[in-house]
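> 3D, please:
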Amino acid sequence: QVQLVESGGGLVQAGGSLRLSCAASGRTFSSYAMGWFRQAPGKEREFVSAISRSGGMTYYADSVKGRFSISRDNGKITVYLQMNSLKPEDTAVYYCAAATAWATMIAAGGRYGMDYWGKGTLVTVSS
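Below you'll find the predicted structure:
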């Protein structure tokens, strides 16, 4: 069992930055690929970014490429999402998820393959 707790959300002006953290419990964190997802009110969940178990492979949605950066610290059992040049359309609840199989998560576009989810942290970007 892996528990995930997101933090770092808040209110920021357009053009600003935030860093989200997802702290995991358990000793098997390094066994999981990690992903960040977001869901805005009235919209479908979006697969934002992901990082492989070792951190050697990353994925970014086109909507955040060049602005967001994912990283992980297996020693601190935490995954991060650095968000720069934020836009009002980035407003959403952001969730992290753990996946046993990187390839499955990526091939599925984040639609399935995740084993554990956090409860989310709200990011609001004002114009």
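
> all helices of this structure, in order?
Using DSSP state H, the helices of the chain run over residues 102-107.

> For the nearest residue to residue 34 once chain neighbours are set aside, name its beta-bridge partners.
With sequence-adjacent residues excluded and distances taken as C-beta to C-beta, 6 or more residues apart in numbering, residue 34 is closest to residue 79, at 4.3 Å. Any C-beta I mention is one placed from the backbone N, CA and C, and that applies to glycine too. Residues found in beta-bridge contact with residue 79 (criterion: DSSP bridges) are residue 22, residue 72.

> Tell me which residues touch residue 79, please.
Contact partners of residue 79, counting by C-beta atoms under 8 Å, 6 or more residues apart in numbering, are 21-22, 24, 34, 36, 51, 70-73, 96.

> do that again at 10 Å, thanks
With C-beta atoms under 10 Å, 6 or more residues apart in numbering as the criterion, the residues that contact residue 79 are 4, 6, 20-24, 29, 32-36, 49-51, 55, 70-73, 96-98.
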